[in-house]
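Trainee: here you go, sequence then predicted model.
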Amino acid sequence: MKFSVYQVSRRGARLANEDRMGYCYTHDSVLLGLADGMGGHPRGDMAAQLALQTIAAMFQREAKPALDDVRAFLRRAILAAHEQIQRYAKAHSLSDFPRTTVVLCVLQKGVAQWAHVGDSRLYYLRNGALLTRTRDHSHAEQRMLRAGEGAALDATLDGGAVNRNVLYTCLGSPQLPFVEIGVPQSLSPGDLVMLCSDGLWSQLPEATIVRLLSERVLSDAVPEMVELALRQNAAESDNVTALAMEWEAEAERDTTQGVSTEGIKPGVFASTFQSGLPDMQPDELDDAAIERSIAEINEAIRRAAARK
């Protein structure tokens, strides 16, 4: 497998950045992930980080070197992340549960498969056109879809007719989350997948997102989108995070950190997800050997990127 990837996360006008993102891969499988910790509840940053680290640890254990059932893994991993957040809240006697959205994408055997909870989005583009995007788990979007006005959703939300921020499902809440699994998509060279938080998509017209991803290389498109989103509402900007991947990018477009798994041995796992969660014991998530392995690989990836 060969892919190019670029990721950016900015705090904006908020006191802290509660978004988390990353990717990990084996010889035969790639996992992309993004989580947006929800404001109005305690420790949104912890919820997002814990969700992604739980999912990445499960991916490492099960992708040997490929997942047996991608759809089942996505559902099971998201539910496990939900349970870990609840366990954390109870163990630390929090007055309320930390909460987060999550969106994941697995690339394996020439197929992309994704799942999400909440309003962090996935965009899928081919040849300059938007093939699909995830639908937000918000009361605003459900109201629009029921009214048969899904195509006009973004324009209506921009007009402030409906509060887009009210979600009906997320990770960490007392209710079991609704996990939506996308329709598998066969990958073609040049296909683009972007995961982003609502701090990005809520500030940019969908046409702008599609145009920038189609016309620019990822290393230009992703930071430009993030900067545009930050400037739209500078004084009150939300955290803005985007992670984009181009499948088998052409050489002239591959200005990012290109990744090839062809030389990876079957037992090797690489990850950019953060490890070392504060306030947690190692046995609450995975063993110390996995943590050391992830830390060592992350350092190797940083060194390789610095030499480019």
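Mentor: Now that the structure is in, tell me what you want to look at.

Trainee: and residue 86, what does it touch?
Mentor: 97, 172 (Cβ atoms under 8 Å, 6 or more residues apart in numbering). Backbone N, C-alpha and C define where each C-beta goes, glycine included.

Trainee: the residue lying closest to residue 89 once chain neighbours are set aside and residue 91, how far apart?
Mentor: Nearest non-adjacent residue to residue 89, counting by Cβ to Cβ, 6 or more residues apart in numbering: residue 97, 4.7 Å away. From residue 97 over to residue 91 the distance is 12 Å, taken as Cβ to Cβ, to the nearest Å.

Trainee: residue 217 now?
Mentor: 45 Å.

Trainee: neighbour count: the two, which is higher?
Mentor: Ranked by neighbour count (other Cβ atoms under 10 Å), residue 217 and residue 91 place residue 217 first, with 18 against 12.

Trainee: and the more buried one, what's its pLDDT?
Mentor: We have a pLDDT of 93 for residue 217.

Trainee: again with residue 153
Mentor: As predicted, residue 153 sits at a pLDDT of 44.

Trainee: ok, residue 293 next?
Mentor: 40.

Trainee: where does residue 188 land in three-state SS?
Mentor: Secondary structure state of residue 188, per DSSP: H, G, I helix; E, B strand; the rest coil, is coil.

Trainee: looking at the residue nearest to residue 89 now. What's its pLDDT?
Mentor: Value for residue 97, per-residue pLDDT: 94.

Trainee: likewise residue 182?
Mentor: 97.

Trainee: for it, which non-adjacent residue is spatially closest?
Mentor: Among residues not flanking residue 182 along the chain, residue 114 sits closest, at 4.4 Å (Cβ to Cβ, 6+ apart).

Trainee: can you pull the contacts of residue 176?
Mentor: Residues near residue 176 by Cβ under 8 Å, 6+ apart: 79, 82.

Trainee: got it, and residue 18?
Mentor: Residue 18 neighbours (Cβ under 8 Å, 6+ apart): 36-39, 44-45, 48, 100, 239.

Trainee: ok, of the residues you listed, which come out buried?
Mentor: 36-38, 44-45, 48, 100, 239 (16 or more other Cβ atoms under 10 Å).

Trainee: what residues sit buried inside stretch 16-30?
Mentor: Buried positions in stretch 16-30, judged by neighbour count with 16+ other Cβ under 10 Å: 17-30.

Trainee: re the thing from before, tell me the one of the contacts of residue 18 nearest residue 87?
Mentor: residue 100 (14.4 Å; Cβ to Cβ).

Trainee: the residue nearest to the closest one when sequence neighbours are not counted: neighbour count?
Mentor: The spatial neighbour of residue 100 that comes closest, neighbours along the chain excluded (Cβ to Cβ, 6+ apart), is residue 47 at 3.9 Å. By the criterion of other Cβ under 10 Å, residue 47 has 33 neighbours.

Trainee: for residue 218, same thing?
Mentor: By other Cβ under 10 Å, neighbour count at residue 218 equals 26.

Trainee: okay but it is in contact with residue 8, surely?
Mentor: No - using Cβ atoms under 8 Å, residue 218 makes no contact with residue 8, being 10.1 Å away.

Trainee: which of the contacts of residue 18 has the weakest pLDDT?
Mentor: residue 39 (82).

Trainee: name the residues of the longest helix belonging to the chain that are buried.
Mentor: When the chain is parsed with DSSP state H, its longest helix is helix 70-91. Neighbour-count burial for helix 70-91 flags 70, 73-74, 77-78, 81-82, 84-86, 88-89 (criterion: 16+ other Cβ under 10 Å).

Trainee: alpha carbons only: can I get that helix in PDB?
Mentor: The C-alpha trace of helix 70-91 is given here as PDB (Å, rounded to 0.1, in the frame of the first residue of the first chain):
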ATOM      1  CA  VAL A  70     -13.500  -4.200   9.100                       C
ATOM      2  CA  ARG A  71     -17.100  -3.400   9.700                       C
ATOM      3  CA  ALA A  72     -17.300  -5.400  12.900                       C
ATOM      4  CA  PHE A  73     -14.000  -3.900  14.100                       C
ATOM      5  CA  LEU A  74     -15.200  -0.300  13.600                       C
ATOM      6  CA  ARG A  75     -18.400  -0.900  15.600                       C
ATOM      7  CA  ARG A  76     -16.600  -2.900  18.400                       C
ATOM      8  CA  ALA A  77     -13.700  -0.400  18.700                       C
ATOM      9  CA  ILE A  78     -16.000   2.600  18.900                       C
ATOM     10  CA  LEU A  79     -18.200   1.000  21.600                       C
ATOM     11  CA  ALA A  80     -15.000   0.000  23.500                       C
ATOM     12  CA  ALA A  81     -13.900   3.600  23.400                       C
ATOM     13  CA  HIS A  82     -17.300   4.700  24.800                       C
ATOM     14  CA  GLU A  83     -16.900   2.200  27.600                       C
ATOM     15  CA  GLN A  84     -13.400   3.400  28.400                       C
ATOM     16  CA  ILE A  85     -14.500   7.000  28.700                       C
ATOM     17  CA  GLN A  86     -17.300   6.000  31.100                       C
ATOM     18  CA  ARG A  87     -14.900   3.900  33.100                       C
ATOM     19  CA  TYR A  88     -12.500   6.900  33.400                       C
ATOM     20  CA  ALA A  89     -15.300   9.200  34.600                       C
ATOM     21  CA  LYS A  90     -16.400   6.800  37.300                       C
ATOM     22  CA  ALA A  91     -12.800   6.000  38.400                       C
END
